[in-house]
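>>> My questions concern the predicted model and sequence given below.
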Amino acid sequence: MRPFLEFPARLAKRLLGLGQHYGESHEGGVRISLKLTQAELGNMLGATREAVNKHLSLWRTEGLIDLEKGRIVLRDREALAALID
């Protein structure tokens with residue numbers, strides 16, 4: 001077991017946690033109702049806005065998330081959870 005999670009795992013874990021606390025059902029996914037900038041999300045994780053943007057863009061392309069009007073929609077929570085293990 002690793003003592004610390006790599007950045008993609010930390011980001012996935014944070015998104016899932018935000019979805020659990022601030023999530024609302026939304027067209028095939030869960031929209032995080034809390035509006036956060038990528039810089040704010042990076043600050044929560046000790047990472048840069050650029051690192052957050054890179055992974056969110058990749059996950060959007062892969063269909064794991066969607067970005068909608070400043071909010072994140074979790075499309076494939078199981079795939080995000082798999083990144084944590």
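Here it is on my side, so go on.
>>> Helix, strand or coil: sort out the residue nearest to the spatial centre of the chain for me.
Centrality entry for the chain: nearest residue to the mean C-alpha point is residue 15, 3.5 Å, by C-alpha atoms, centre = their mean. Following DSSP: H, G, I helix; E, B strand; the rest coil, we place residue 15 in the helix state.
>>> Any regions of the chain where pLDDT drops low?
Along the chain, segments meeting pLDDT under 70 span 1-3.
>>> Adjacent strands (with direction) for the strand or helix carrying residue 31?
Residue 31 belongs to strand 29-32 when assigned by DSSP states H and E. Sheet pairing of strand 29-32 (DSSP bridges) gives strand 23-26 (antiparallel), strand 71-74 (antiparallel).
>>> which one of those has the most crowded surroundings?
strand 71-74 (a mean of 21; mean count of other C-beta atoms under 10 Å). In short, each C-beta sits where N, CA and C put it, glycine included.
>>> The helix or strand where residue 58 lies: which residues count as buried?
Assigned by DSSP H and E, residue 58 falls within helix 49-61. Within helix 49-61, the residues scored as buried using 16 or more other C-beta atoms under 10 Å are 51-52, 54-56, 59.
>>> Format those residues as TSV; extra columns: distance to residue 78.
What follows is these, written out as TSV (distance: C-beta to C-beta, whole Å):
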residue	distance to residue 78
51	23
52	21
54	22
55	17
56	18
59	13
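>>> Which one of those residues is nearest to residue 36?
residue 52 (9.6 Å; C-beta to C-beta).
>>> Alright, that wraps it up for me.
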